[in-house]
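*Asks:* A predicted structure for the sequence below; I have some questions about it.
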Amino acid sequence: MHFKISGEKIMKKFNNIDNQIELLKSRNLRILNEEKAKENLKLYGYYEIVNGYKNLLLKDTDTYKDGVTFEHLFSLFKLDSDIKDIVLNITLEFEIILKNVLAYEISKKYGVIESEYLKRENYKGKRFFIKNNSKVFHLDILLDKFNLIKNGNSQPFKHYRESHNHVPPWILFKGTTFGNMYYFYMEQKVEVKNSVISTIFGVSTREIEEKNELKNLFADGISLVYQFRNRTAHGGRVYNFTTYREYIRFNTIFHNKSNISNRLYRFGYGKNDLYTFIKFFSFMPKDLNEKLNIGVRNILKDYLSKYPEDKNMLLTEIGVPPTIIEFDLEEIFDITLY
């Protein structure tokens, strides 16, 4: 399986498909359809299928639980792939919404001419990092990025620049990334932020002004969405992914709605996992909430129809709190509650 080079380092040895099959069998994994297993190993890779998902089905470091099949392991891989697709699509839709709402509010407040709406003084400009012993401000990086987009030769930016003599925000933002929009939102002053939250959450600006928890939730939530977006875009596991930071601060509005008490929060629930990500979208426009909840629920139902014994293990990995883990999936992912 391995061999040493340069005295200390261990290099992975190539294993052909037949050897991979024999290795899995030697570890107590049953294979019901060897030809199909070989095909899937060739298409998706041993590392992706086996190393990515085996831990939930092992009884010790190298041996699978009695009765576990390759088909079971592959179903877990496919479940995560399907959830990953939904999460990625939802974050893409959220990106479009964030760009359009932010463009609208900026246009309303500062106008549609770049020399006006890209003035540095319109934004907070306080966030920075240290590089070569100097402060580098996030806002300056963003404004440089925006200027490169508007002055580039790509369409539709060139058309607007040449035909209309300006590039309005809703056009400029088409050339930005989700990360650009996340950092740009964080640079907005209170009035614009409140209006953005009001539109996306579907509540009045007065309610936003009166409830700091809603403002905190939006800021924390888009940070969490940004992390899940990066995770799905780079192909990592999603169903049991937890971000390196605890993005959602304890928030009575959010956590009461998510069936998470202060005590459960202290034990790690409702901070930075898939369940938290899904529940954040219960504050989003209805169609996004429905697509995410119903999509994940249907994927889980299909998987658990084959492997019902995995329910508690799977929901625990997703981050569902123990107080509701025995509920039906329809109740756990019930969009009518929101």
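*Replies:* Alright, I've got the coordinates.
*Asks:* Please count neighbours and contacts with C-alpha atoms only from this point.
*Replies:* OK.
*Asks:* Just the element for Phe241, please.
*Replies:* In the assignment (DSSP states H and E), Phe241 maps to no helix and no strand.
*Asks:* And the closest residue to it other than its chain neighbours, how far from Leu32?
*Replies:* Of all residues not flanking Phe241 in the chain, Asp273 sits nearest, at 5.9 Å (Cα to Cα, 6 or more residues apart in numbering). Using Cα to Cα, to the nearest Å, one gets 33 Å for the distance from Asp273 to Leu32.
*Asks:* quick one: pLDDT of the residue nearest to Phe241?
*Replies:* On pLDDT, Asp273 comes in at 97.
*Asks:* Equivalent analysis for the one 4 residues further on, please.
*Replies:* At Phe277, the model reports a pLDDT of 97.
*Asks:* max-length helix in the chain?
*Replies:* The longest helix of the chain (DSSP state H) is helix 70-110.
*Asks:* helices or strands next to it in the packing?
*Replies:* helix 52-53, helix 114-117, helix 169-172, helix 178-186, helix 190-201, helix 212-233, helix 286-306 (3 or more Cα pairs under 8 Å, 6 or more residues apart in numbering; DSSP states H and E).
*Asks:* I'd like the average pLDDT over the first one.
*Replies:* Here helix 52-53 scores 86 as its mean pLDDT.
*Asks:* contacts for it?
*Replies:* Contact with helix 52-53 is made by 73, 76-77, 237, as judged by Cα atoms under 8 Å, 6 or more residues apart in numbering.
*Asks:* same deal with the fifth one?
*Replies:* Where contact means Cα under 8 Å, 6+ apart, the residues beyond helix 190-201 that reach it are 97-98, 101-102, 105-106, 109, 185, 203-205, 208-209, 215, 218, 283-285.
*Asks:* again, only using 7 Å
*Replies:* 101-102, 105, 204-205, 208, 218, 283-285 (Cα atoms under 7 Å, 6 or more residues apart in numbering).
*Asks:* Checking my notes, Asn272 in a helix, right?
*Replies:* No: counting by DSSP: H, G, I helix; E, B strand; the rest coil, Asn272 is located in no helix; its state is coil.
*Asks:* check contacts around it.
*Replies:* 224, 242-243, 246-248.
*Asks:* Repeat the analysis, applying 6 Å as the threshold.
*Replies:* Contact analysis of Asn272 by Cα atoms under 6 Å, 6 or more residues apart in numbering lists 242-243, 246-247.
*Asks:* now do Lys271
*Replies:* 246-248.
*Asks:* hmm, back to that, looking at the contacts of helix 52-53, which is nearest Ile149?
*Replies:* Ile149 lies nearest to Arg237 out of those, by Cα to Cα, at 32.9 Å.
*Asks:* and that closest one, how many neighbours does it have?
*Replies:* 18 (other Cα atoms under 10 Å).
*Asks:* Secondary structure class of it, three-state.
*Replies:* Under three-state DSSP, Arg237 comes out as coil.
*Asks:* Dihedrals phi and psi, it?
*Replies:* Phi and psi for Arg237, reported as degrees, to the nearest 10, are phi -60, psi 140.
*Asks:* Likewise for Leu58?
*Replies:* Per degrees, to the nearest 10, the backbone of Leu58 is at phi -90, psi 150.
*Asks:* Please determine how far the nearest residue in space to it that is not next to it in sequence is located from Tyr244.
*Replies:* Distance criterion Cα to Cα, 6+ apart; nearest residue to Leu58, sequence neighbours excluded, is Tyr64 at 4.1 Å. Per Cα to Cα, Tyr64 is found 29 Å from Tyr244.
*Asks:* between those two, which one's more packed in?
*Replies:* Comparing Tyr64 with Tyr244 by other Cα under 10 Å, the one with more neighbours is Tyr64, at 22 against 8.
*Asks:* Contact partners for that one?
*Replies:* 28-29, 57-58.
*Asks:* Now with 10 Å, please.
*Replies:* By Cα atoms under 10 Å, 6 or more residues apart in numbering, the contact list for Tyr64 reads 24-30, 54-58.
*Asks:* before we move on, the earlier item: of the contacts of Asn272, which one scores lowest on pLDDT?
*Replies:* Glu246 (87).
*Asks:* sorry, back to before: counting neighbours, which of the contacts of helix 52-53 comes out on top?
*Replies:* Of these, with other Cα under 10 Å as the count, Leu76 tops at 24 neighbours.
*Asks:* shouldn't it be in contact with Leu56?
*Replies:* Yes: counting by Cα atoms under 10 Å, Leu76 does reach Leu56; the two are 9.5 Å apart.
*Asks:* Many thanks, I have nothing further to ask.
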